[in-house]
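Peer 1: Any chance you could fold what I've pasted below:
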Amino acid sequence: MFEKVNPCHPDKVADRIAGAIVDLAYKAEENPKIAVEVLIGHGACHVIIETTATLSKEEIAQAVNRIAGNVLVNINIAEQDKHLSKNQANGVRCGDNGIFKGVPLTDEQKKLSEIARDIFAKHPFDGKYILNEDRLIICQSNAATDELAKDYPTAEINPLGDWTGGTDVDTGATNRKLGSDMADSVTGGGLHGKDLSKADVSVNIYAFLKAQATGKVVELCCAIGDDTIDGLPYATVVGAAREFIHNLGGFEIFAEWGLV
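Peer 2: Numbers count the residues shown, from 1 in each chain. Below you'll find the predicted structure:
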């Protein structure tokens, strides 16, 4: 059983905005420290940022409007706490406490991920999808049910009829769709809106990738300030996550679908 939402779901819009802001921080600094929270809905977007990087509110607002359309943008930028900043003073160290689990994807999860992408390619609007064995549920806004039924004749499609979605009818917040982004690898920490020093980003990505490569569940824990994890220098774990994000095209692109 698995649920997937697409990049136009309001929560994913919030994730994408957070990712775009992290991209701006990496444009400003080689190794910024940043944490971003986004709440969006009904014509307004609220952004709270803690960072070491010097960011332009104008560029942030432009990123929000590019992703979410013409919404009122409220931006609050604060410096990162000095005690947290000291954590990275003598090298790359774990940026937070946490427990992390990477789990190999099932065939069902891979299948639904493919279905979600195929539907979104034709209908780039808010949508969510569930696959539970042979039961496929498709809720896709701004798409006629009879049109979707041509491609998925056995699916349950838009049970309450055709609908419009997006941030005009719903709210979105960062890291609220981790089940969609991580499948069975869900842990306590969110993937989006943070720099690579944060374990929520790098260790989650590392554990997920290792699980796919080995076919085994990977369980890890770390404390803020740790310089090793899973027998490796923390810098190596960060490097693996950095390469993954770079190959995708950045944090905003990463936020579109997450790890699945």
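
Peer 1: And the pLDDT at Gly91?
Peer 2: Note for Gly91: predicted pLDDT of 74.

Peer 1: Assign a three-state SS to it, would you?
Peer 2: Here Gly91 is coil, with the state taken from DSSP: H, G, I helix; E, B strand; the rest coil.

Peer 1: Let me see the contact set for it.
Peer 2: Residues in contact with Gly91 (Cβ atoms under 8 Å, 6 or more residues apart in numbering) are Asp227, Ala235. Every C-beta, even on glycine, is put in place using the N, C-alpha and C of the backbone.

Peer 1: Check the one 5 residues further on too.
Peer 2: Contact partners of Asp96, counting by Cβ under 8 Å, 6+ apart, are Gly189, Lys198, Ala199, Asp200, Cys222, Ile224.

Peer 1: State which helix of the protein is the longest.
Peer 2: Counting by DSSP state H, the longest helix found in the chain is helix 10-28.

Peer 1: For that helix, give the mean pLDDT please.
Peer 2: Per-residue scores along helix 10-28 average to 98.

Peer 1: By neighbour count, which of the contacts of Asp96 wins?
Peer 2: Per-residue neighbour counts (other Cβ atoms under 10 Å) across the contacts of Asp96 peak at Ala199, which has 31 neighbours.

Peer 1: pretty sure that residue contacts Gly95?
Peer 2: Yes - the pair formed by Ala199 and Gly95 meets the contact definition of Cβ atoms under 8 Å, at 6.0 Å.

Peer 1: ok, which stretches of the stretch 101-250 of the chain are strands?
Peer 2: 127-132, 135-140, 156-157, 172-173, 218-222, 228-229, 232-233 (DSSP state E, counting those that start in this stretch).

Peer 1: tell me what the fifth one is packed against?
Peer 2: Counting by 3 or more Cβ pairs under 8 Å, 6 or more residues apart in numbering; DSSP states H and E, the packing neighbours recorded for strand 218-222 are strand 98-102, helix 199-214.

Peer 1: how far off strand 98-102 does that strand point, in degrees?
Peer 2: On the basis of axes from the mean of the first three to the mean of the last three Cα atoms, to 10 degrees, strand 218-222 is oriented at 170 degrees to strand 98-102.

Peer 1: Tabulate the CA atom coordinates of strand 218-222 in CSV.
Peer 2: Output of strand 218-222 as CSV, limited to C-alpha atoms (Å, rounded to 0.1, in the frame of the first residue of the first chain):
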residue,chain,number,x,y,z
VAL,A,218,19.5,0.3,6.7
GLU,A,219,19.0,1.8,10.2
LEU,A,220,21.3,4.5,11.5
CYS,A,221,21.4,7.0,14.4
CYS,A,222,23.5,10.0,15.1
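
Peer 1: quick one: buried residues of it?
Peer 2: Val218, Leu220, Cys222 (16 or more other Cβ atoms under 10 Å).
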